[in-house]
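> below are the sequence and a predicted model; questions follow.
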Amino acid sequence: MGEFTMPSLGADMDEGTLVEWLVAEGAEVARGDVVAVVETAKSTIEVECFESGTVTELLAEPGTTVPVGTPLAVISPAASGPPAVAPGPGPAAAAAPATPLVRHQAAEEGVDLQAVHGSGRGGRITRADVSRAAHPAPARIAASPLARRLAVSLGVDLAAVRGTGSRGAVKADDVRAAAGSTGAAGGESAPAAPAGRAAPTGDRDRLAIARLMARAKREIPHYYLSTVIDLSAALEWMRTENSRRTVADRLVPAALLLKAVALAAREVPELNGHWIGGRFVPATGVRLGTAVSLRGGGLVAPSLADADRLPLPDLMAALRDLVARARHGRLRASETADPTLTVTNLGDQGVETVFGVIYPPQVAMVGLGRVTDRPVAVDGMLAVHPTVTATLSADHRASDGATGSRFLTTLDRLLQHPEDL
């Protein structure tokens, strides 16, 4: 028998809130199945289970905030034969299979087991079934996890919101509209946040980021390097490649840059891993974190698994999907597990150079600015080429400037031969 616990979804996560169960007691699950939605200080994340079996008991109710490692459910290995039924007196026991503990609970709470529908294997009645019968919950309003989160932060009663989603489900835009038209107290427009201050959810996100970044600057001795990379070969190759693709499948410069960073991390493994227990632990693969700014404020850095091995088109598709789900609060736990190296790309914000702060326990962060035309010397002649400034923030405990220089030099070399990416 195993326990499904509140997972650690990042180095800065101490606790999480169970938003929604996606399985019921008695459900059969396989390793990797998404079973719950959990909210952290930064995002709402779909969580997978790590073993196969039967969900024997759900131990936490939606809305419960618990520390990392707290048991949320019990998953029992799949039985090889029909489930055993606890013996009980007379026909009632046969009609209502339940363990002695459940029968005792039913007697204490005055629940007639004959009237209870068992959700366990073979119709077995669980403790949760008895609790629901004794304390029936109000009808659950159909709403997305993001809508529920916004409703709490904006003080909106979901029961009073008209949903425009599938089958009347309440969406985040419905909550925003309700907040703007009725206000939290009803009848008045919701007041805007004071100048210079974010909404409550944004405040919470900023506090989480502040704690992690303060720890990073306090504990990690950063060193910084930068180089300007000529992208003329890469962009010319990309234009030729895109001419053979449909509009939906065309590559963008960000995909080339990310793939080159992933390959450089594989070639310079001293920067791809974690600082744990006072020493550097190299990673077995490249999980490339991608910093994503959220529309409502805040920042998450989900990861692309095996980014160095993904073909460019697949990496491009995975990147689009990851960013879209991150901004809609639908990341999965496996995508938030600690990346081995993170990239922050502020090129679309017009920034030319960015020096990032390392996400512990990682030991490096790569910064990429916008692609800009600069004069460059080519075979003794002056020409104007598209370039990008690539920076490296690295942990001096795990590496030194020579290693960092080798990484940036490798990145430059890879981008001069885009056909090999």
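Looks like it came in fine.
> could I get the full set of strands for the stretch 101-250 of the chain?
With DSSP state E, counting those that start in this stretch as the criterion, the stretch 101-250 of the chain has strands at 222-230.
> low-confidence ranges in it?
101, 119-122, 127-128, 135-140, 145, 149, 152-153, 166-167, 180-205 (pLDDT under 70).
> now with 80?
101-105, 108-109, 117-124, 126-132, 134-155, 165-169, 172, 179-209, 211-212 (pLDDT under 80).
> tell me where it has helices.
127-134, 145-154, 172-182, 200-219, 232-242 (DSSP state H, counting those that start in this stretch).
> tilt between the longest one and strand 222-230?
Direction vectors for helix 200-219 and strand 222-230, defined by axes from the mean of the first three to the mean of the last three CA atoms, to 10 degrees, enclose an angle of 110 degrees.
> chain center to helix 200-219: distance?
Distance of helix 200-219 from its chain centroid, counting by CA atoms, centre = their mean, to the nearest Å, is 17 Å.
> and the strands in the stretch 251-400 of the chain?
Going by DSSP E, counting those that start in this stretch, the stretch 251-400 of the chain shows strands at 273-276, 279-282, 287-290, 292-293, 299-300, 303-305, 331-332, 341-345, 364-368, 372-378, 381-395.
> with mean neighbour count and distance to Ser405 as extra columns, can I get those strands in a markdown table?
C-beta coordinates here come from the backbone N, C-alpha and C atoms, glycine included. Formatted as a markdown table, those follow (neighbours: other CB atoms under 10 Å; distance: least, CB to CB, whole Å):
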| stretch | mean neighbour count | distance to Ser405 |
| --- | --- | --- |
| strand 273-276 | 18 | 19 |
| strand 279-282 | 14 | 18 |
| strand 287-290 | 25 | 21 |
| strand 292-293 | 18 | 29 |
| strand 299-300 | 22 | 28 |
| strand 303-305 | 21 | 25 |
| strand 331-332 | 21 | 34 |
| strand 341-345 | 25 | 16 |
| strand 364-368 | 26 | 13 |
| strand 372-378 | 12 | 20 |
| strand 381-395 | 19 | 9 |
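> out of the helices of the stretch 101-250 of the chain, which one sits most buried?
helix 145-154 (a mean of 21; mean count of other CB atoms under 10 Å).
> can you say which of the strands of the stretch 251-400 of the chain is nearest to Ile229?
Each of the strands of the stretch 251-400 of the chain was scored for nearness to Ile229 using CB to CB, and the closest is strand 381-395 (5.4 Å).
> now the following helix or strand past the closest one: buried residues?
Using DSSP states H and E, the helix or strand that follows strand 381-395 towards the C-terminus is helix 401-415. Going by neighbour count (16 or more other CB atoms under 10 Å), the buried part of helix 401-415 is 403-404, 406-408, 410-412, 414-415.
> what is the orientation angle of helix 401-415 with strand 222-230?
30 degrees.
> just want the angle from helix 401-415 to strand 381-395.
Using the same axes, to 10 degrees, helix 401-415 lies at 130 degrees relative to strand 381-395.
> point out the other helices and strands that helix 401-415 packs with.
Here helix 401-415 touches strand 222-230, helix 253-267, strand 364-368, strand 381-395, going by 3 or more CB pairs under 8 Å, 6 or more residues apart in numbering; DSSP states H and E.
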